[in-house]
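Enquirer: Predicted model follows, preceded by the sequence.
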4 protein chains.
Amino acid sequence: MLKNTRTIRVEWGDCDPAGIVFYPRYFEMFETCIAALFERATGMTKYEMLKAYEFSGYPVVEARAQFLAPAKYGDDVIAETTISAFRRSSFDVVHKVFNGGKPAVEGFETRVWVGRDPQDPSRLKSKAIPRDMIERFTAE
Amino acid sequence: MLKNTRTIRVEWGDCDPAGIVFYPRYFEMFETCIAALFERATGMTKYEMLKAYEFSGYPVVEARAQFLAPAKYGDDVIAETTISAFRRSSFDVVHKVFNGGKPAVEGFETRVWVGRDPQDPSRLKSKAIPRDMIERFTAE
Amino acid sequence: MLKNTRTIRVEWGDCDPAGIVFYPRYFEMFETCIAALFERATGMTKYEMLKAYEFSGYPVVEARAQFLAPAKYGDDVIAETTISAFRRSSFDVVHKVFNGGKPAVEGFETRVWVGRDPQDPSRLKSKAIPRDMIERFTAE
Amino acid sequence: MLKNTRTIRVEWGDCDPAGIVFYPRYFEMFETCIAALFERATGMTKYEMLKAYEFSGYPVVEARAQFLAPAKYGDDVIAETTISAFRRSSFDVVHKVFNGGKPAVEGFETRVWVGRDPQDPSRLKSKAIPRDMIERFTAE
C-alpha cells in the first residue's frame, strides 16, 4: 500500500498552557496527512480531486488515537500515513507520528466516500470509491 | 456519577467546505465539556482548580469518537459528559452529543492527572488524583 | 443601532504556552459575535439566514484589533458587538471585549455581502444588502 | 531588513462552508511566519529562543489585515514576512501573502517582547529587546 511521510513543525499556536500540543490539533494534522497521501496517489490537490472524481469528500465516521509522548512547539514530528483497507465506500487510515525518533501518536480513522444525495442535494450520501482510485494505492 | 449537560452552538468557523463540523472541533468540544464537568463538581474554573490542587492538567492518553450524524452551523447540539471510571492517576470520560434529539457523536477519552516532574520541572509526570476530588463525582 | 452582548468563557484550548488567549481566537470570537448579532436582528441562525436571503455570507475585507489586556482560561469575557455603518454591499462592525470589567480587546471589521457570481458560480461576488435587513438594525 | 518567504498549503480544515480560508487562520499563519523569520535570524526554534534569551514570547498588541483575494483548499500561498521597525521593547511586522502570483492578504502586527514580571511571576511584563537580536535582522 502507498505510504506518505511528512515532517510537520509543531507551532506555538498548536500548544496549550501546559506547553504541549493541544490534542485536537493531531486530528487536524491527520486531515492534512490524508490530503497529502491522496495527492501523492493522484497528483491532484483535494480541490482538484473533488472536481475530477465528482464527490464531496471523505468525512470521518470513526477516529481514535493513542498519545504516547508529548510534543512541544519547535519540535519537528514525522507523520507516516497509509490506507490499511478499502471497502466499497469506506476506507481505513493508519497514522504514526514520531517525535525525536520515538512514537508520539498512533491514529486510526475510518472514512466514507460521499457525494451529494440525488434525492436531496443538501445532504451527503456514501458512494462507491472509484476502482481506479483504489488501484492508485494498491499498485505500488 | 456526576453528569454535566451543555448546549453548544455550532459556528460557521467550526464547519468545513462540505458545510458540516470539521471533526477535530468535536475533540475541542470534549475539552470544554470536561472543564465544565469539573467546574460543576468543584465550583472552580480549570485555572482555579490547577492552583488549588497544585497540578498541571489532565492530558489525554487515548481518545476516540464515532460520528453518527453530521451537524452544521446554526445547529444547537447537546453534549452530555460523565466520568465512567477513576483509577489512581487516570480517568475515563464518556461524551454523548445529540443533534435534533438524535445521537450525533459518541466520544471516549482516557486522561491522566499530571504535575511537574520533581526531577525535571520541564517535564510532566502522572500523580495520584486527590481522594476528595473523586468523591465530588461519586457522592451524587 | 442594534447591539448584542455575550459572555464568552475562555477555554484551555484557546490559550497558548504563555497561558493567555492565542490572539487569532479573538477573531474567531468576532465571527461568532456577528452571527449572534444577526440572529438577534432576524431571529434566524446564519444557516437559516443564508437560505432566506439567498446569499453566501459576509466575508471580511479588513480586520483589525487592539489587544489591551490579556485573558486566560477560565476567564469570562464580555463581548459587545454592533454594526457602525451599512453601505450598499458592505458594513462595518465594532467589537469591544471586556475582562473583569476592563477593556481587553477592541476590534473592527469591514465585511462584504456576497453571493455566487452568476457568470461563474464557483466565485463569490458582492451584492446589495437587502433594505429590510438594514432596517432590522437601525429601527431599534 | 531580513525577510523570510514561505509557501503554505491551504488545507481543507482552514476553509469555511463558503469554501475559502476562514480568516482567523491567516492570523495563525502570521504567527508561524514570525517564528520562521526569527528562526532564520537566530537558527533557533521559538522554544530554543525563549530559553536562550530568557523571555516569555512576543504577544500581539495590535493586528490588522486586508483581505484582497480569497484562497481555497489546495492553493499554495506564498507569505513574505519582515520586521519593519524595532523599538525598545516592541516591533512591527509586515506580512504579504500572494495566491497565484497576486496579492491575497496584507497584514501588519505590533508585538511586544515580554518576560515574567519580577514582582508577580503570574503576569507578563515588557522588557527590552536584546541588542544582538535586533542586529541579526538589520545586519543583512
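Expert: Everything's here; your move.

Enquirer: all contacts plus neighbour counts: C-alpha atoms, from now on.
Expert: Will do.

Enquirer: now the strands for chain A?
Expert: For chain A, applying DSSP state E gives strands covering A:3-9, A:60-67, A:76-86, A:90-99, A:102-112, A:114-117, A:120-126.

Enquirer: Turn these into TSV, including distance to chain B, mean neighbour count and mean pLDDT.
Expert: Listed next are the strands of chain A as TSV, based on distance: least, Cα to the nearest Cα, whole Å; neighbours: other Cα atoms under 10 Å in any protein chain shown; pLDDT from 0 to 100:
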stretch	distance to chain B	mean neighbour count	mean pLDDT
strand A:3-9	17	16	98
strand A:60-67	4	20	98
strand A:76-86	17	19	97
strand A:90-99	14	20	98
strand A:102-112	9	20	98
strand A:114-117	10	18	92
strand A:120-126	9	14	89
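
Enquirer: TSV for those, including distance to residue A:16?
Expert: Listed next are the strands of chain A as TSV, based on distance: least, Cα to Cα, whole Å:
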stretch	distance to residue A:16
strand A:3-9	15
strand A:60-67	15
strand A:76-86	17
strand A:90-99	18
strand A:102-112	17
strand A:114-117	34
strand A:120-126	34
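
Enquirer: relative to its centroid, which residue of chain A is most remote?
Expert: What lies farthest from the middle of chain A is residue A:119; by Cα atoms, centre = their mean that is 28.9 Å.

Enquirer: check contacts around residue A:128.
Expert: A:88, A:89, A:113 (Cα atoms under 8 Å, 6 or more residues apart in numbering or on different chains).

Enquirer: hey, what's the nearest residue to residue A:103 once chain neighbours are set aside bridged with?
Expert: Setting aside the residues directly before and after it, residue A:103 is nearest to residue A:97 in space (Cα to Cα, 6 or more residues apart in numbering or on different chains), at 6.0 Å. Taking DSSP bridges, one finds residue A:79, residue A:105 as the beta-bridge partners of residue A:97.

Enquirer: And the residue farthest from the centre of chain A, what's its pLDDT?
Expert: At residue A:119, the pLDDT value in this model is 91.

Enquirer: what's in contact with the longest helix seen in chain A?
Expert: Longest helix of chain A, by residue count under DSSP state H: helix A:24-42. Residues outside helix A:24-42 that contact it (Cα under 8 Å, 6+ apart) are A:2-4, A:6, A:14, A:44-46, A:49, A:79, A:81-82, A:95, A:107, A:133, A:136-137, B:23-25, B:27-28, D:11-13.

Enquirer: now the angle from it to strand A:3-9?
Expert: Between helix A:24-42 and strand A:3-9, the angle comes out at 140 degrees (axes from the mean of the first three to the mean of the last three Cα atoms, to 10 degrees).

Enquirer: Quick one: mean pLDDT for helix A:24-42?
Expert: For helix A:24-42, mean pLDDT rounds to 98.

Enquirer: Using CSV, list the CA coordinates for it.
Expert: Output of helix A:24-42 as CSV, limited to C-alpha atoms (Å, rounded to 0.1, in the frame of the first residue of the first chain):
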residue,chain,number,x,y,z
PRO,A,24,-7.3,18.0,18.7
ARG,A,25,-4.5,19.5,16.6
TYR,A,26,-3.3,16.0,15.9
PHE,A,27,-6.6,15.2,14.3
GLU,A,28,-6.2,18.3,12.2
MET,A,29,-2.8,17.0,11.3
PHE,A,30,-4.4,13.7,10.3
GLU,A,31,-6.7,15.6,7.9
THR,A,32,-3.7,17.2,6.1
CYS,A,33,-1.8,14.0,6.0
ILE,A,34,-4.7,12.2,4.2
ALA,A,35,-4.9,15.0,1.7
ALA,A,36,-1.2,14.7,1.1
LEU,A,37,-1.5,10.9,0.7
PHE,A,38,-4.2,11.3,-1.9
GLU,A,39,-2.2,14.0,-3.6
ARG,A,40,0.8,11.6,-3.8
ALA,A,41,-1.5,8.9,-5.3
THR,A,42,-3.3,11.1,-7.8
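
Enquirer: how far does that helix sit from the chain's center?
Expert: Relative to the centre of its chain, helix A:24-42 is centred 4 Å away, using Cα atoms, centre = their mean, to the nearest Å.

Enquirer: again, but for stretch A:128-138
Expert: A distance of 16 Å separates the C-alpha centroid of stretch A:128-138 from that of its chain, computed with Cα atoms, centre = their mean.

Enquirer: And it, what's buried?
Expert: Neighbour counts over stretch A:128-138 (16 or more other Cα atoms under 10 Å in any protein chain shown) mark A:129, A:134, A:137 as buried.

Enquirer: What of stretch A:5-23?
Expert: Neighbour-count burial for stretch A:5-23 [16+ other Cα under 10 Å]: A:5-6, A:9-23.

Enquirer: which ones are touching residue A:88?
Expert: Contact partners of residue A:88, counting by Cα under 8 Å, 6+ apart, are A:128, A:129.

Enquirer: How much space separates it from residue A:50?
Expert: To residue A:50, residue A:88 is 18 Å away according to Cα to Cα, to the nearest Å.

Enquirer: What of residue A:69?
Expert: In terms of Cα to Cα, residue A:69 sits 35 Å off from residue A:50.

Enquirer: Ok, residue A:77 next?
Expert: For residue A:77, the distance to residue A:50 equals 29 Å [Cα to Cα].

Enquirer: just residue A:133 next, same as before
Expert: 12 Å.

Enquirer: So which residue is smack in the middle of chain A?
Expert: Taking Cα atoms, centre = their mean, chain A has its central residue at residue A:34, 2.9 Å away.

Enquirer: And the residue farthest from the centre of chain A, how far from chain D?
Expert: Going from residue A:119 to chain D by Cα to the nearest Cα, to the nearest Å gives 21 Å.

Enquirer: How much space separates that residue from residue B:104?
Expert: In terms of Cα to Cα, residue A:119 sits 22 Å off from residue B:104.

Enquirer: same question, residue A:111
Expert: 16 Å.

Enquirer: Repeat that for residue A:7.
Expert: Using Cα to Cα, one gets 33 Å for the distance from residue A:7 to residue B:104.

Enquirer: And for residue A:38?
Expert: 28 Å.

Enquirer: what does chain A put close to chain D?
Expert: A:11, A:12, A:13, A:28, A:31, A:32, A:45, A:46, A:47, A:48, A:73, A:74 (Cα under 8 Å from any Cα of the partner chain).
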